[in-house]
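Participant: sharing a model that was predicted from the sequence below.
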Amino acid sequence: MTGGLPIDLILFAMVAAFLVLRLRSVLGRRTGFERPPEAVPAPQPREADVVPLPTPAGAARRGLPDQRSPVGQALMRIRGVDPAFDPAAFLGGAEGAFRMIVTAFAAGDRETLRNLLSDEAYGGFEGAITQREAAGETQRTELRSIQDMAIEEAELRGSIADITVRIVSDQVNLTIARDGSITAGAEAVTEIIDLWTFQRDVAGSDPTWKLVGTRSA
């Protein structure tokens, strides 16, 4: 063996240099002074009457009225009386109340209804439950999903605030007689669109929004 470098080492060095050059051409070079990628600006809300909100998994799609709309301006006036009022949080609470009220009505749970309804609204619900019980009927309700919830109307009279929510849900509703026959409803899933109005004295200490009226859209 001579004093020169072995031929196999020379070949290995040539292959390594070739691979380094290939990697640089594919991956590019990064230096310590490279500018970070610019942040992508968040999409701006569309100029529409309803601004969609991000919602938790499994929750209904929620939308708030544009602040420049008459309903949006009414919500701002409500917030002026109660700075803690948050329309997005209100919609979340309204969804929870809707689920509880629908379930309680089917089960004849008067205590839950009493806590969530105004006296007048409770009278209507309680009367329907009493009539159902007197006939020996039971109510079976399956709330399969709530698709959409959006604030449709808002009004402030003094410190009394009314907010109407449009609720689109998929339900199965059956009224079952004493003998087990179905007297009303069907097994099929039906899309139901409700307009529920909640009310609260926003200057008072009670944070509960109570249901004061229901109607179909």
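Facilitator: That came in fine, so what should we check first?
Participant: end-to-end on stretch 65-74?
Facilitator: 10 Å (CA to CA, to the nearest Å).
Participant: buried ones in it, by neighbour count?
Facilitator: P65, D66, S69, V71, G72, A74 (16 or more other CB atoms under 10 Å). Every C-beta, even on glycine, is put in place using the N, C-alpha and C of the backbone.
Participant: list the contacts of stretch 133-142.
Facilitator: Residues external to stretch 133-142 that are found in contact with it (CB atoms under 8 Å, 6 or more residues apart in numbering): 102-103, 105-108, 132, 171-178, 183, 185.
Participant: take the buried residues of stretch 65-74 and keep only those in strands.
Facilitator: P65 (DSSP state E).
Participant: ok, the buried residues of stretch 65-74 vs S216, which is closest?
Facilitator: Nearest to S216, judged by CB to CB, of the buried residues of stretch 65-74 is V71 at 20.0 Å.
Participant: just give me the neighbour total for P83.
Facilitator: Residues within reach of P83, counting by other CB atoms under 10 Å, total 8.
Participant: as a whole number, average confidence for the longest strand that the chain contains?
Facilitator: The strand that spans the most residues within the chain, counting by DSSP E, is strand 138-157. Throughout strand 138-157, pLDDT has a mean value of 95.
Participant: could you dump it to PDB, C-alpha only?
Facilitator: What follows is strand 138-157, C-alpha atoms only, in PDB (Å, rounded to 0.1, in the frame of the first residue of the first chain):
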ATOM      1  CA  THR A 138     -97.300   9.300  28.200                       C
ATOM      2  CA  GLN A 139     -95.000  11.400  26.000                       C
ATOM      3  CA  ARG A 140     -91.900  10.000  24.300                       C
ATOM      4  CA  THR A 141     -89.600  12.600  22.900                       C
ATOM      5  CA  GLU A 142     -86.100  11.900  21.500                       C
ATOM      6  CA  LEU A 143     -84.100  15.000  20.800                       C
ATOM      7  CA  ARG A 144     -81.800  13.600  18.100                       C
ATOM      8  CA  SER A 145     -79.900  16.800  17.400                       C
ATOM      9  CA  ILE A 146     -80.100  20.600  17.300                       C
ATOM     10  CA  GLN A 147     -78.900  21.800  14.000                       C
ATOM     11  CA  ASP A 148     -79.000  25.600  14.300                       C
ATOM     12  CA  MET A 149     -79.500  28.300  16.900                       C
ATOM     13  CA  ALA A 150     -79.600  32.000  16.100                       C
ATOM     14  CA  ILE A 151     -80.900  35.200  17.700                       C
ATOM     15  CA  GLU A 152     -83.800  36.400  15.700                       C
ATOM     16  CA  GLU A 153     -85.200  39.300  17.800                       C
ATOM     17  CA  ALA A 154     -84.100  41.300  20.800                       C
ATOM     18  CA  GLU A 155     -85.800  44.100  22.800                       C
ATOM     19  CA  LEU A 156     -85.000  46.100  25.900                       C
ATOM     20  CA  ARG A 157     -87.800  47.800  27.900                       C
END
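Participant: I am finished for the moment; much appreciated.
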